[in-house]
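Trainee: Build me a model from this:
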Amino acid sequence: MILRKETNTIVIHCADTPEDMDIGAETIRKWHTEERGWDDIGYHWVITRSGKLEPGRDINMQGAHAVAVNSSSIGICLVGRGDNFTDAQFITLHNLINTTKDMYGDDLKIIGHCDVEPNKPNCPGFNVEQWVKDEFYG
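Mentor: Presented below is the predicted three-dimensional model:
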């Protein structure tokens, strides 16, 4: 794995799982390492359906979650998909973004995976730009 030299973006993802599939970082790590052959889970954080925050890849390392911005971003994955996220997940996401901004600065861009990956038009399944405006500036 490669050390990330700069951090200017947070990328929000979904696990694209149905509502009744309650998984966490270890299951996704298994998918990424055993099925895809990666060194580790691609995301830095996973937020479970209950809103529990689980660590993924070491926060100082380059992610493997959005090719265009892996070298300068932190990847956050919400278990589920846009039509079935829980309120608890959004509360945790809000708090994690605040904590991440405290660590890396208030000028971090916050985007959805779909904003940098045309082949993932439904990831994370909600309009991240609008959510950020409503949540942080509304």
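Trainee: how about the helices in this structure?
Mentor: 25-30, 87-104, 128-132 (DSSP state H).
Trainee: Same list (those helices) but as JSON lines, adding mean neighbour count and distance to residue 8.
Mentor: Placement of C-beta: from N, CA and C, glycine included. As requested, those are arranged in JSON lines below (neighbours: other CB atoms under 10 Å; distance: least, CB to CB, whole Å):
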{"stretch": "helix 25-30", "mean neighbour count": "17", "distance to residue 8": "24"}
{"stretch": "helix 87-104", "mean neighbour count": "15", "distance to residue 8": "8"}
{"stretch": "helix 128-132", "mean neighbour count": "16", "distance to residue 8": "15"}
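Trainee: okay, these in CSV with mean pLDDT and distance to residue 47 next?
Mentor: As requested, those are exported to CSV (pLDDT from 0 to 100; distance: least, CB to CB, whole Å):
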stretch, mean pLDDT, distance to residue 47
helix 25-30, 98, 10
helix 87-104, 97, 5
helix 128-132, 96, 14
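Trainee: Out of these, which gets nearest to residue 138?
Mentor: Set against residue 138 and scored by CB to CB, those come closest in helix 128-132, at 9.4 Å.
Trainee: can you list contacts of stretch 88-107?
Mentor: With contacts defined as CB atoms under 8 Å, 6 or more residues apart in numbering, stretch 88-107 is touched by 7-8, 10, 12, 45, 47-53, 74, 76, 78-80, 108, 110, 135-136.
Trainee: Is it possible to mark the buried ones in those residues?
Mentor: Neighbour counting over these (16 or more other CB atoms under 10 Å) leaves 7, 10, 12, 45, 47-49, 51, 53, 74, 76, 78-80, 108, 110 as the buried ones.
Trainee: Now the two most distant members of those residues.
Mentor: 7 and 49 (27.1 Å).
Trainee: for residue 46, what are its contacts?
Mentor: Shown in contact with residue 46 (CB under 8 Å, 6+ apart): 15, 24, 25, 28, 53, 54, 55, 56, 76, 77, 78, 79.
Trainee: ok, 10 Å please
Mentor: Listed by CB atoms under 10 Å, 6 or more residues apart in numbering, the contact partners of residue 46 are 13, 15, 23-29, 52-56, 75-79.
Trainee: That concludes my questions; thank you for your assistance.
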